[in-house]
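Undergrad: pasting the sequence and the predicted model now:
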Amino acid sequence: MNLELFFIFTTIILVEHAKASDSTATVIIETHQSSTNGSFVAGFGGDGDLDTFSLTNDGANQWWSATLDKPYAIVWVFVRIKSDVFRLVVGFDDAERCTFIDTSESILKNTDIIETILTCTEAYVSNKIKISIIGDGFLKVYEMKIMGTVQMDHILYTNFTGFPAKSDALDNNVHTFYQSDPQDDLLWFLRLDSTYDMKWFLVSIRGGTYEMHITTKTTSTNRATLCKGFSFSGIKRYQTAIECNRAMHGDTVIVQKTDGGILRLFEVYPIVCPPNGYGPSCARCRKKCQSCDSITGRCTQCPPSFYGEECQYSCPQHCLDLICDQATGRCNGCQNGYEGQRCELEITTAVLSTALQTETTYAYCDHSCVTCNSELQVCMLCKQHSEILVCQYRCREICSGETACMGLAENCSRKEIHNKVNNCSKTWFI
C-alpha cells in the first residue's frame, strides 16, 4: 500500500466569502488533502475561483477537507468537483453527513465535472467539511463553498410580506417560520432595492406544491414570471436549492402555494451576486474579465486589446491601437496599410510603368473588383465608388475596337484608358 496516501498536505488559506448581497459569510482558514499531484494544492479548492483546482493522486482513500473560522449551521454546500462517486461529510464524523447520491443532472455538458448545490436534510453545526471519494481514483476539487449562513443585507429589502415587522423567513434561522393566514393569499413576497438578474435560491419550506416567480414591482404572476415549480410530500420541513428554468430579471421574489392549505416558509435566501461575481457560488469573474455576467460568467468588459466570452483572444495585430469589438473581434479601425473587418488585407504600393506614377493597388485582386481575372490579377469590373486608380484593367477586356488600346501598357488603369479612349463599351462602375 502506498504510504504517500496517508500523508496530509496542508494549505493555510484565508478566504472571506462575505459580501453585502451574498448569502454566504464563511471564512476558510485551513485546507488539507490526502495527497497532492504536482502544484495543485488544497487551497485551490476554496479560493473563490472556478478555474483553479486542487488535485490528489490517483489511489485509494483520497479526500479533501476545509476548516472554517467558527462553527456554522450548515445546510447548503456548493461544490464543483471532478470525481466519480464521492461523499461530503459535515464535521469529520461519518455520523453527520450529507451524501451526494444522484449526479446525473449536475454533470456539466461535455465534461466530467459535477457542479451543484448539495442540500443536507438537517442543519449540522460544525466548522469542518470533508469530501472523500468512494473507491479508487483521484479527487479534483475546483470549489467548495458553504452557502446560506447569513441573509442578504437588509438595506437591499424595501418591502416584504408583513413589512415593516421582522420576517421570520428572512431571519437566518431555519427553525422559525412565516405562516400565512387562512384568509390571505397563499403567497409570500420579497421586494429588493433594485432589479437584479437571479437564477438560484436556497429555500426551507413545509411540504406542499409551490411556484416561485420573479416580477418587477408587482405580486401578480403568470407563466412569463415563473421561475420554477416544485413540490414535497407530507408536512415536514424540507431544505432545497431552486434553480430557475432560465435566468430571470426583476426586483420581487414570490413564493406561491398552489395546492391550498397554509403556506409555512422557514427561510428564503435569494442569490444575488456582488459586482464581479457570478454563478450560484458568486465566484470571481475570470482573471481577464474586467466585469462579467452575474449568471453565466461571460465577460461583459475585457481589458484593452482582448475579446471573446472569456477575453481569451487578442485583437488582430493590425487593428488601430489594438482596439476591437469585444464580442466579434472586428477592428474599430486599421493601421496604415491595412483594411478589412479584421485588418487582414494588406495594401501594397505599385508604380505604373508608363507614367512613372505611384498608384495604390490591393494585394487581394477581388478587394475592389466585382469581376476579377485571377490569372492576370487584374479587375474586369470595378465596384461602385472605388477610385479609378485603384482598379487595374487589361485594356482589351474593357474597350471595343481594334485600335482603341494602341499605345497603352498591357495592364493599365481606368484613368489611363479614359484619357486615351472614348469608345469603351463596358461600364465604368456598377
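TA: That came through, no problem.

Undergrad: contacts only, for S231.
TA: When the contact criterion is C-beta atoms under 8 Å, 6 or more residues apart in numbering, the partners of S231 are 207-210, 259. All C-beta spots, glycine's among them, are computed from the backbone N, C-alpha and C.

Undergrad: please read the previous query as pertaining to F201.
TA: Contacts for F201 (C-beta under 8 Å, 6+ apart) come out as 212, 227, 241-242, 244, 253, 268-271.

Undergrad: restricted to strands, list those.
TA: Among those, the members falling in strands are 212, 227, 241-242, 244, 253, 268-270 (criterion: DSSP state E).

Undergrad: follow-up on the earlier one: for H318, state which of the contacts of S231 is nearest.
TA: Ranking the contacts of S231 by separation from H318, with C-beta to C-beta as the measure, puts Y210 on top at 57.2 Å.

Undergrad: just the pLDDT at that closest one, thanks.
TA: Looking at Y210, its pLDDT is 98.

Undergrad: just L192 next, same as before
TA: On the pLDDT scale, L192 is placed at 95.

Undergrad: separation between D168 and V174?
TA: 10 Å (C-beta to C-beta, to the nearest Å).

Undergrad: any residues in contact with both of the two?
TA: Here D168 and V174 have F266 as joint contacts, going by C-beta under 8 Å, 6+ apart.

Undergrad: the residue nearest to E143 when sequence neighbours are not counted pairs with what?
TA: The shortest distance from E143 to any residue that is not its chain neighbour, by C-beta to C-beta, 6 or more residues apart in numbering, is 4.4 Å, and that residue is R80. Each beta-bridge partner of R80 is listed here: E115, E143, as defined by DSSP bridges.

Undergrad: from here on, count from 49
TA: In the new numbering, first residue 49, that becomes R128.

Undergrad: in the protein, where is pLDDT below threshold?
TA: Counting by pLDDT under 70, the chain has low-confidence residues at 49-74, 140-159, 397-478.

Undergrad: how is it carved up into domains?
TA: Taking automatic domain parsing as the domain assignment, the ranges for the chain are 51-195, 202-318, 394-468.

Undergrad: count the residues that sit near the closest residue to I182 other than its chain neighbours.
TA: If the residues on either side of it in the chain are set aside, I182 comes closest to V133, at 4.5 Å by C-beta to C-beta, 6+ apart. The criterion is other C-beta atoms under 10 Å. On that basis, V133 has 12 neighbouring residues.

Undergrad: relative to S180, how far out is V133?
TA: Distance check for V133 against S180: by C-beta to C-beta, it reads 10 Å.

Undergrad: ok, which stretches of the stretch 99-248 of the chain are strands?
TA: If you assign secondary structure with DSSP state E, counting those that start in this stretch, the strands in the stretch 99-248 of the chain sit at 102-103, 107-108, 111-130, 134-138, 145-146, 161-181, 184-185, 188-195, 205-208, 226-227, 235-263.

Undergrad: quick one: these as CSV, columns for distance to G91 too.
TA: Output for these, formatted as CSV (distance: least, C-beta to C-beta, whole Å):
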stretch, distance to G91
strand 102-103, 7
strand 107-108, 21
strand 111-130, 10
strand 134-138, 18
strand 145-146, 23
strand 161-181, 14
strand 184-185, 21
strand 188-195, 10
strand 205-208, 35
strand 226-227, 40
strand 235-263, 25
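
Undergrad: looking at those, which is nearest to R312?
TA: When those are ranked by distance to R312, counting by C-beta to C-beta, first place goes to strand 235-263 at 3.9 Å.

Undergrad: so what strands line up beside the closest one?
TA: Strand 235-263 has these strand partners (DSSP bridges): strand 205-208 (antiparallel), strand 274-305 (antiparallel), strand 312-318 (antiparallel).

Undergrad: what's the angle between that strand and strand 111-130?
TA: Going by axes from the mean of the first three to the mean of the last three C-alpha atoms, to 10 degrees, strand 235-263 is angled at 50 degrees with respect to strand 111-130.

Undergrad: may I see the buried residues of strand 235-263?
TA: Neighbour-count burial for strand 235-263, counted by 16 or more other C-beta atoms under 10 Å, picks out 235-240, 244-256, 258-263.

Undergrad: then stretch 190-208?
TA: In stretch 190-208, the ones that count as buried by 16+ other C-beta under 10 Å are 190-200, 204-205, 207-208.

Undergrad: ends of it, what's the gap?
TA: Its first and final residues considered, stretch 190-208 spans 36 Å by C-alpha to C-alpha, to the nearest Å.

Undergrad: pull the distance from it to the chain's centre.
TA: Centroid displacement of stretch 190-208 relative to its chain, using C-alpha atoms, centre = their mean, to the nearest Å, is 21 Å.

Undergrad: now swap in stretch 245-252 and tell me
TA: On C-alpha atoms, centre = their mean, the centre of stretch 245-252 falls 18 Å from the chain's centre.

Undergrad: ok, stretch 341-357 next?
TA: Per C-alpha atoms, centre = their mean, the centroid offset for stretch 341-357 relative to its chain is 8 Å.

Undergrad: pop out the phi and psi values for the residue positioned nearest the centre of the chain.
TA: Averaging the C-alpha coordinates of the chain gives a centre point, and the residue nearest to it by C-alpha atoms, centre = their mean is G345 (2.3 Å). Here is the backbone geometry of G345 (degrees, to the nearest 10): phi 80, psi 0.

Undergrad: next up, the contacts around it.
TA: By C-beta under 8 Å, 6+ apart, the contact set of G345 is 98, 326-327, 331, 333-334.

Undergrad: now with 10 Å, please.
TA: When the contact criterion is C-beta atoms under 10 Å, 6 or more residues apart in numbering, the partners of G345 are 98-99, 321, 325-327, 331-334, 337, 357-358.

Undergrad: out of those residues, which is most surrounded?
TA: Within these, neighbour counts (other C-beta under 10 Å) peak at C321, which reaches 26 neighbours.

Undergrad: and that one, that one's in a helix?
TA: No: applying DSSP: H, G, I helix; E, B strand; the rest coil, one finds C321 to be coil, outside a helix.

Undergrad: ok, it touching S339?
TA: No: in this structure C321 lies outside contact range of S339 using C-beta atoms under 10 Å: 11.5 Å.

Undergrad: got JSON lines for the ones in strands among the contacts of F249, with distance to V173 too?
TA: Supplementary listing: the ones in strands among the contacts of F249 in JSON lines, determined by distance: C-beta to C-beta, whole Å:
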{"residue": "M260", "distance to V173": "28"}
{"residue": "C275", "distance to V173": "30"}
{"residue": "A289", "distance to V173": "20"}
{"residue": "I290", "distance to V173": "24"}
{"residue": "C292", "distance to V173": "30"}
{"residue": "V301", "distance to V173": "27"}
{"residue": "V316", "distance to V173": "21"}
{"residue": "Y317", "distance to V173": "18"}
{"residue": "P318", "distance to V173": "24"}
